[in-house]
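Peer 1: below is the structure, and that's it, no one-letter string:
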């Protein structure tokens, strides 16, 4: 994992994520990110909600239907990698 993004939480703290993969589903862009570059890293799916704003605005995908659909896309994209999405 080489690409990193730094997000600013609502409380102003900065959090670094490692970008594993990105995709577009419908009219939305999504990132599969990890909280570290360790083998046991926690993965999250973020949705770009910025609507062409700069800098981009990402939100954690929490809707179960949307999360399932995007997870399946990432699973297909990463089928050759040693990554498990739960």
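Peer 2: Perfect, thanks for sending it. For clarity, every value in this text was computed on a predicted model and none was experimentally measured.
Peer 1: rest of the way, CA atoms for contacts and neighbours
Peer 2: Will do.
Peer 1: partner strands of the longest strand along the chain, parallel or antiparallel?
Peer 2: Taking residue count as the measure and DSSP state E as the definition, the longest strand of the chain comes out as strand 14-25. Here the strand partners of strand 14-25, with direction, are listed using DSSP bridges: strand 4-8 (antiparallel), strand 28-34 (antiparallel).
Peer 1: run through this protein and note the low-pLDDT ranges.
Peer 2: Applying pLDDT under 70 to the chain flags the ranges 1-2, 82-86.
Peer 1: try 90 this time
Peer 2: Counting by pLDDT under 90, the chain contains low-confidence residues at 1-2, 7-10, 26-27, 36-43, 50-57, 78-86.
Peer 1: which residues sit in contact with residue 44?
Peer 2: With contacts defined as C-alpha atoms under 8 Å, 6 or more residues apart in numbering, residue 44 is in contact with 32-34, 60.
Peer 1: what about residue 72, helix or strand, and which?
Peer 2: Using DSSP states H and E, the secondary-structure element containing residue 72 is helix 64-77.
Peer 1: show me what that helix is packed up against.
Peer 2: Using 3 or more C-alpha pairs under 8 Å, 6 or more residues apart in numbering; DSSP states H and E as the contact criterion, the neighbours of helix 64-77 among helices and strands are strand 14-25.
Peer 1: starting at the chain centroid, how far to the strand it packs on?
Peer 2: On the basis of C-alpha atoms, centre = their mean, to the nearest Å, strand 14-25 sits 4 Å off its chain's mean C-alpha point.
Peer 1: what comes into contact with that strand?
Peer 2: 1-9, 29-37, 70, 73-74.
Peer 1: now with 6 Å?
Peer 2: Taking C-alpha atoms under 6 Å, 6 or more residues apart in numbering as the criterion, the residues outside strand 14-25 that touch it are 3-8, 29-35.
Peer 1: report the buried residues of stretch 34-48.
Peer 2: Going by neighbour count (16 or more other C-alpha atoms under 10 Å), the buried part of stretch 34-48 is 34-37, 43-48.
Peer 1: now those as JSON lines including secondary structure?
Peer 2: Putting these into JSON lines (DSSP: H, G, I helix; E, B strand; the rest coil) gives the following:
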{"residue": "34", "secondary structure": "strand"}
{"residue": "35", "secondary structure": "coil"}
{"residue": "36", "secondary structure": "coil"}
{"residue": "37", "secondary structure": "coil"}
{"residue": "43", "secondary structure": "strand"}
{"residue": "44", "secondary structure": "strand"}
{"residue": "45", "secondary structure": "strand"}
{"residue": "46", "secondary structure": "strand"}
{"residue": "47", "secondary structure": "strand"}
{"residue": "48", "secondary structure": "strand"}
